[in-house]
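S.K.: Attaching a predicted model along with its sequence, questions to come.
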Amino acid sequence: MWNRTIQLTALLTLCALTGSATAGNGKIVIKCGRVITQAGPDIENGVIVIEEGRIVSIGKDVKTAWDAEVLDHPELVAFPGFVEAHSIRGMDRPNENIEIAPFLDVRDSIDPINFYFEDVLRQGITTINVQQGPMCVIGGQGRVVKPVGLTVDEMTVRSSIGLKIVAGARPGRSRATQAQALRKAFGDLQMYLEKLVQDKKDGKDYARREALFQGRDMDKDENKTGREMEGVAPWKVADFKIVPRGEVDDKQEPLLRLVEGKLMAFVYCDSGVAVNNALAMARAHGFLANTVLVLDGDAWKAADAIAEAGVPVVLGPAQMYVERDPITGKEIETFVPRVFFDKKIRFALQSLNSTAQSLWFQAAQCIGQGIDRKAALDAVTRTPAEILRLGKRVGALEAGKDGNVVLFNGDPISVKSTVQYVVIEGNLVYDRSKDSRARQLLQGIEQANAAPEAVEEAVDPHSGKKAAEEKKSGSEKKD
Amino acid sequence: MIKWFVCSLAIALPCAAQGTPEAKPEAKAWVIYADRVYTGTGTDFEAGMVAVGNGKIATVSPSRGSDDDSSDRVLRCFAVTPGLIDASVRITNGSTSVEQSDEIQPGLRVATSLDPFSIAWDRQVRNGVTTVLVSAPDQNVIGGLSVVLKTAGAESIAARTVKNDAVLRGSMGTQPSQGNHPAFGRPTDFYSRRPTTRMGVEWAWRKAFYDAAASAADPKRAFNGSDRLIAALKGDLTVSIQAWATQDIRTAVFLKEEIESQDEFKNGLNKPRFFLDAAAEAWKEPQLLVRSKIPVVLPPFPAQGRTRDNAFMAWNTAEELRKQGVPFALSSHGSESPEDALALQAGYAMMGGLPFESALAAVTTIPARLMGVADRVGTLEVGKDADLVLWNGAPFEPSSRVIAVIVDGVMRYDARPKESAK
């Protein structure tokens, strides 16, 4: 019952929140006390002009259109929307039972009214890379979305960005089984492609008939013609040109695209060993340059191997790794982002959006651990944007980029600041004053029987001062 | 008998292993210079100094110190606060520490079941917590006597004790009855005991106090721990009651008011002192708590608002209680999860609007007062225990962290950046 209510309210709230997103014209002028651009120095009393969803100008004195909606808040601080480099939330369910399923797409699983997408707005996250969960060998294709829109297509920033691959062990399986399953997947791909070529040479047309049976339009140019295998994989299938691309089965085609360097790989590694397996696999099949490692557990211990391979990483939300010294029994703490910062490896932070420890919190913790402020903020804005190949669109506030702006009532990483407004692609999509659920979470439910006079009589228990001067004038107590 | 043997073995073995001469950290005379000295007394210093000697605070004064004083007894940091105090900690053997023989156990001492070698103490120290009130798990209606301990020191519970039998601990709500079932119709087992419902829990509380009052008049009616209950009724022993939801908070308040007004408790047995632990819904009816002078300890802030017993705890709970005049402490409620750390709770309370000074008080002076140890810990004042936390930024902000912790004058955690640690 409770769940039902939540879902219903989520739907209603989201409709309310997103109403303006679909209705807006993507034209807005934001004036605020300070703009943290993440693309250069901060701008005091800055103005951001957004038209058709893109920032057209930003600075102190810029021309503004007469018909634009104006958000004028000199008390607020503008910040680029946070970019979540990897998330397994927001889907109907994150994990798929089929082990090798590159043909799946999170498009079919993302739920636009999932509470998650409403909640990330409160935390100022405007771009999310949604990927399948880690209970697979090769998962489906993820996509980058913004947390607003009534359909997945409306939400999409970039579709089919990459495949989820799991190099670590899954529960109930050994690491060896997983490594073997991965090797087999690519071995199968190679054998399959060779068979396609051989069949074509033998004059068999099973593949074509199967493609037609699956309803593929074989007259389209990209399906009709063949071409040699591209990419930098050490292995190539000879004479692949003779196979029209449309004849490659849907089940194998995304893997072929990965090997040809046209998809990214988000490789989940739960340990240092898994990192080695992941890097070896990426090298063996030519997608090292498109690999992002999603790290968990003690995978940070393979930092040197990661540095050598030059791949970027997405770090888990548990930033402090604690292990027990086997001899002294004492706990040893390692602050994982610091390891990557010190080794100059590009890293993005990941929050799983635990409400209290969202990306702003993750960045703040980094600063406490001696990572400089710029690098810490980059790890939740610019770096994930670059890792997702969206560096030209999101992650900073400058002309030409998407109009994704978050307005805080203070320093974005202070515990005392909260998100007041979120603008995504020029549309005001979040307004804290209208966020009834945040109000409830923040202020509780108003009680009919709460005695208002108690406030006046109250003494601050911690300072000992009276909240209000005691009334001396005569109204006597009536019992 | 066997238990005793195992117990003493457990204590004796690590002691034997300790034979190797490991350098014990010495109580040093420290001089700490900080850009902010938060004393907790109402007088804070921008650029101040705290000197420590013999495990006590020797000086607190505004002083910048000279930069060339680089002896290893000089510590520099951005901020220094008193050691944090958690009034709700359960570093025990967990559910195996629940005494099943009776739901009313006012005579049990949790101190006897604690393990001074547990890694959990180190975790507390790393989070800046230096003093804790350790209570029994809440599966009993009245679980026993809690103990106030330092989180670091000699490896014996006795040596770390600040106050024995500090608080009598019990619980309202569903937890004491959870898992229990009536014996009728099924095999008698571990859990066939009372109470089995929320009302049963309330009944057990009232019966305990009425029985104790009767035993005060007639010594023949004394029972195990009845003297502790009498002490509680006289106000000599504070009672800590876990009560998450409004209905349980009301039950506790009305229990206190009943004791204060009923004839059975005349002759000085009508002065109980309560505080409520895990009072997530205290914000709903704060006037009740003000009326009956009951302070509260808050559980960790829940990300989505819901806590145990389906209680709703809003993020401005702490600020609301401050405005309404209810003294409150923040706590980790025995959780060892990193996001429930006490310092973070203070930050979360500030997120809900609580001023810094009150947040600091809620993790230092207020819990010290609740446990009755305010004369020793909770503030930076000359003569108090030298329990200090050094921060590299504004305390409780996620962008700063604990860089050193001193307990009784001894540096127990040192994570200062290497370049300045020398």
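M.R.: Perfect, thanks for sending it. Numbers count the residues shown, from 1 in each chain, chains lettered A, B, ... in the order given.
S.K.: Would you state the helices of the stretch 201-350 of chain B in chain order?
M.R.: Remark: helices assigned in the stretch 201-350 of chain B by DSSP state H, counting those that start in this stretch are B:226-234, B:246-261, B:286-291, B:317-324, B:342-351.
S.K.: For those, give me TSV that also has mean neighbour count, distance to A:Met91 and mean pLDDT.
M.R.: Using the backbone N, CA and C atoms, a C-beta is placed for each residue, glycine as well. TSV is the format used below for these (neighbours: other C-beta atoms under 10 Å in any protein chain shown; distance: least, C-beta to C-beta, whole Å; pLDDT from 0 to 100):
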stretch	mean neighbour count	distance to A:Met91	mean pLDDT
helix B:226-234	21	53	97
helix B:246-261	19	36	96
helix B:286-291	21	41	94
helix B:317-324	25	33	94
helix B:342-351	26	29	95
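S.K.: How about the residues of the stretch 101-250 of chain B by chain A?
M.R.: The stretch 101-250 of chain B has residues B:119, B:122-123, B:126 near chain A, with proximity defined as C-beta under 8 Å from any C-beta of the partner chain.
S.K.: returning to that earlier point: which of the helices of the stretch 201-350 of chain B sits closest to A:Asp296?
M.R.: Proximity to A:Asp296 (C-beta to C-beta) singles out helix B:342-351 among these, at 22.0 Å.
S.K.: anything in that closest one near chain A?
M.R.: Yes: contact of helix B:342-351 with chain A (C-beta under 8 Å from any C-beta) involves B:344, B:347-348, B:350-351.
S.K.: So what touches that helix?
M.R.: A:356, A:415-416, A:418, B:84, B:86, B:127-129, B:298, B:300-301, B:315, B:317-319, B:330-332, B:356, B:358-360, B:362-363, B:395-398, B:402 (C-beta atoms under 8 Å, 6 or more residues apart in numbering or on different chains).
S.K.: C-terminal to it, which secondary structure element comes first?
M.R.: Moving toward the C-terminus from helix B:342-351, the next helix or strand (DSSP states H and E) is helix B:356-362.
S.K.: Can you point out the buried residues in that following helix?
M.R.: For helix B:356-362, a neighbour-count test (16 or more other C-beta atoms under 10 Å in any protein chain shown) marks B:356, B:358-362 as buried.
S.K.: just stretch A:150-157 next, same as before
M.R.: A:152, A:155-157.
S.K.: Also stretch A:426-444?
M.R.: Neighbour-count burial for stretch A:426-444, counted by 16+ other C-beta under 10 Å, picks out A:426-430, A:432, A:435, A:437-438, A:440-444.
S.K.: export the helices of the stretch 201-350 of chain B to JSON lines and tack on distance to B:Val162?
M.R.: Formatted as JSON lines, the helices of the stretch 201-350 of chain B follow (distance: least, C-beta to C-beta, whole Å):
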{"stretch": "helix B:226-234", "distance to B:Val162": "19"}
{"stretch": "helix B:246-261", "distance to B:Val162": "26"}
{"stretch": "helix B:286-291", "distance to B:Val162": "26"}
{"stretch": "helix B:317-324", "distance to B:Val162": "25"}
{"stretch": "helix B:342-351", "distance to B:Val162": "17"}
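S.K.: To A:Gly142, which of the ones you listed lies closest?
M.R.: helix B:342-351 (31.4 Å).
S.K.: now the closest one against helix B:317-324, angle please.
M.R.: Per axes from the mean of the first three to the mean of the last three C-alpha atoms, to 10 degrees, the angle that helix B:342-351 makes with helix B:317-324 is 60 degrees.
S.K.: Enumerate the residues of the stretch 301-450 of chain A near chain B.
M.R.: So far as C-beta under 8 Å from any C-beta goes, the stretch 301-450 of chain A lies against chain B at A:318, A:320, A:324, A:329-331, A:333, A:354-357, A:361, A:364-365, A:367-370, A:413-416, A:418, A:440-445, A:447, A:449-450.
S.K.: Please list only the buried members of those.
M.R.: The neighbour count (16+ other C-beta under 10 Å) marks A:355-357, A:361, A:364-365, A:367-370, A:413-416, A:418, A:440-444, A:450 as buried among these.
S.K.: Among the contacts of helix B:342-351, which lie within strands?
M.R.: Counting by DSSP state E, these place B:84, B:86, B:129, B:298, B:330, B:402 in strands.
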